[in-house]
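*Asks:* have a look at this prediction, sequence included:
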Amino acid sequence: MFNTVLLTIDLNAPASWEKALPQAIELVRTSKGKLHIISVVPDMGTPLVEGFFPEDFETRAVAAASEALNKLVVAEIPDDVAVKQHLAFGKIHRKVLKIIEEIECDLVVMASHRPDRLREFLVGSNADRIVRRSPVSVLVVRA
């Protein structure tokens, strides 16, 4: 079964976990495995954009995300589910793919919404990048 399940979430978008979290919990409970939850604070992308943010933006953003992730885990994860939190800063798909390798997970669970055509053409979706590059199965829950 799935001994190690990784759930990806966007702390700013409850839709990223509202449907996917119950699925991940059910899979972990059935297999008596461990749930890992990752949230990634995205970087600015380029030094030019970075210049418009305060110098301590990364530190403050990561601290706020850490607090929000802790609150979510306390509020939403049942006591009988073993859980480990992961927080990263950078390119979302790269950080998720890195943690997949590090924790040697058996399955990734993630939500995905249908992006508008312009956004999909210009940047694609992180879910798509992860699905295409993941060395393990990915369960995509439509949000």
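*Replies:* Great, that's in hand.
*Asks:* surely Thr4 and Ile37 touch.
*Replies:* No - Thr4 is beyond contact range of Ile37, at 11.9 Å (criterion: C-beta atoms under 8 Å). Backbone N, C-alpha and C define where each C-beta goes, glycine included.
*Asks:* settle it for me: which of these two has more neighbours?
*Replies:* Between Thr4 and Ile37, Ile37 has the larger neighbour count (other C-beta atoms under 10 Å), namely 23 against 18.
*Asks:* need the strands for the protein, in chain order.
*Replies:* Using DSSP state E, the strands assigned to the chain run over residues 4-9, 34-42, 82-90, 107-112, 137-142.
*Asks:* who does the first one pair up with?
*Replies:* As defined by DSSP bridges, the strand partners of strand 4-9 come to strand 34-42 (parallel), strand 107-112 (parallel).
*Asks:* CA atoms of the last one as PDB?
*Replies:* Right, the one you point to is strand 107-112. The C-alpha trace of strand 107-112 is given here as PDB (Å, rounded to 0.1, in the frame of the first residue of the first chain):
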ATOM      1  CA  LEU A 107       2.200   8.500  -3.400                       C
ATOM      2  CA  VAL A 108       1.600  12.300  -3.900                       C
ATOM      3  CA  VAL A 109      -1.800  13.700  -3.300                       C
ATOM      4  CA  MET A 110      -2.600  17.100  -4.600                       C
ATOM      5  CA  ALA A 111      -5.500  19.200  -5.700                       C
ATOM      6  CA  SER A 112      -5.700  21.000  -9.000                       C
END
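*Asks:* ok now it, how far from the chain's centre?
*Replies:* Computed by C-alpha atoms, centre = their mean, to the nearest Å, the separation of strand 107-112 from the middle of its chain amounts to 8 Å.
*Asks:* returning to that earlier point: please convert the strands of the chain to CSV, extending it with mean pLDDT.
*Replies:* As requested, the strands of the chain are arranged in CSV below (pLDDT from 0 to 100):
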stretch, mean pLDDT
strand 4-9, 96
strand 34-42, 95
strand 82-90, 95
strand 107-112, 92
strand 137-142, 92
